[in-house]
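Peer 1: 3D, please:
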Amino acid sequence: KRQRIILTSKVHFPLSDDPNDQGNSRRHILRAVEDSLKRLNTDWIDLYQIHRPVFDIPQDETLRALDDLVHQGKIRYFGTSTFPAWLIMEGLAISEQYHLHRYATEQPPYNVLDRRIENELVPLAERYQLGLLPWSPLAMGVLAGRYGDAAAFPPGSRASRVGTYVSERISQAGIAAAQKVAVLARKMGITTSQLALLWVKDQPQVVAPIIGPRTEAHLEDNLAVLEMSLDPVTAQEMDNIVPPGSAVANFHNNSGWMKMRLCA
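Peer 2: Model (predicted):
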């Protein structure tokens, strides 16, 4: 079955107290790949992603390490996650200059509540044919009706369990927008989560939204979207709820580079 599976992994965040066991340096990337291959019991990783950017290491060091891994057959392709558009463009230019393999994908936060990637990242992806793999298409459950109050989280919810980097993404404006999406979904005869996922799936350059079902029912709800298409009228109604390029919730809050803050 391995030949039929697209297996992905990431590198960046620390896995130990060793100061060299983190980041996007050549040393860390080469060591992390070997460790991942052992844990996954496989000979190669199809897509290897840099989980977050760093700004104190020349990007050509990162790209040369990834290029070497492609030549060694340990990874097939590589990409980024939650990178600013300008840094991806710099990476593409470096790859062209030094004849290295280039980024194939970017994994950004993207849902109808936070559409800021449409300003620069999506046009960049269209121009240079980068595949987008959006994370949190359901806005941490806000677009599935999980939250009704930004100041009181349901017991067991991620916002109540994980910490501020999740809870800061739950806003009252986002909840209000999600309720409007729910009204539209009911008119269409589908669930709110299906409409939210459908909207992301059919945006330009999106290869596959990243879903996180916890139950079989959640999975069945998500998979049904594969047979759906977003029509222009519904797309416009979604634009009326949250305009293109704007945001009512902050899903870049732990990116390390987003300066924009949302007004309450």
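Peer 1: could you use CA atoms for every contact and neighbour count after this?
Peer 2: Noted.
Peer 1: so who does L198 touch?
Peer 2: 225, 228-230 (CA atoms under 8 Å, 6 or more residues apart in numbering).
Peer 1: wait, which of these is closest to V33?
Peer 2: Distance ranking of the contacts of L198 against V33, using CA to CA, places V225 first at 33.6 Å.
Peer 1: per-residue confidence at that closest one?
Peer 2: V225 carries a pLDDT score of 98 in this model.
Peer 1: please pick the buried ones from the contacts of L198.
Peer 2: Among the contacts of L198, those buried by neighbour count (16 or more other CA atoms under 10 Å) are V225.
Peer 1: including distance to Y110 and secondary structure, could the contacts of L198 go into JSON lines?
Peer 2: Output for the contacts of L198, formatted as JSON lines (distance: CA to CA, whole Å; DSSP: H, G, I helix; E, B strand; the rest coil):
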{"residue": "V225", "distance to Y110": "17", "secondary structure": "helix"}
{"residue": "M228", "distance to Y110": "19", "secondary structure": "coil"}
{"residue": "S229", "distance to Y110": "18", "secondary structure": "coil"}
{"residue": "L230", "distance to Y110": "17", "secondary structure": "coil"}
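Peer 1: for H12, give me its contacts.
Peer 2: Listed by CA under 8 Å, 6+ apart, the contact set of H12 reads 22-24, 29, 50-52.
Peer 1: just the element for L47, please.
Peer 2: strand 45-50 (DSSP states H and E).
Peer 1: give the buried residues for stretch 20-40.
Peer 2: Residues 21-26, 28-30, 32-33, 36-37 are the ones in stretch 20-40 that count as buried (16+ other CA under 10 Å).
Peer 1: contacts for that stretch?
Peer 2: By CA under 8 Å, 6+ apart, the list of residues contacting stretch 20-40 reads 9, 11-15, 43-45, 50, 53-54, 57, 61-62, 64-66, 69, 74.
Peer 1: so which of those sit within helices?
Peer 2: Among the contacts of stretch 20-40, the members found in helices (DSSP state H) are 61-62, 64-66, 69.
Peer 1: now, among the residues you listed, which is nearest to W257?
Peer 2: Taking CA to CA as the measure, W257 sits nearest to T62 out of these, at 18.5 Å.
Peer 1: that closest one - how many residues pack around it?
Peer 2: 20 (other CA atoms under 10 Å).
Peer 1: quick one: the strands in this protein?
Peer 2: Assigned by DSSP state E, the chain shows strands spanning 8-11, 45-50, 75-81, 105-107, 131-132.
Peer 1: any idea how far the strand holding L47 is from the chain center?
Peer 2: Relative to the mean C-alpha coordinate of its chain, strand 45-50 is positioned 14 Å out (CA atoms, centre = their mean, to the nearest Å).
Peer 1: which strands and helices sit next to it?
Peer 2: Helices and strands in packing contact with strand 45-50 are listed as strand 8-11, strand 75-81; criterion 3 or more CA pairs under 8 Å, 6 or more residues apart in numbering; DSSP states H and E.
Peer 1: sketch out the low-pLDDT regions of the stretch 151-264 of the chain for me.
Peer 2: Within the stretch 151-264 of the chain, the stretches with pLDDT under 70 are 264.
Peer 1: one more time with 90, if that's ok
Peer 2: 151-167, 214, 261-264 (pLDDT under 90).
Peer 1: measure the residue nearest to S255 when sequence neighbours are not counted to H101 for me?
Peer 2: With CA to CA, 6 or more residues apart in numbering as the measure, T82 is the residue that lies nearest to S255, at 6.3 Å, once sequence neighbours are left out. As judged by CA to CA, to the nearest Å, T82 and H101 stand 20 Å apart.
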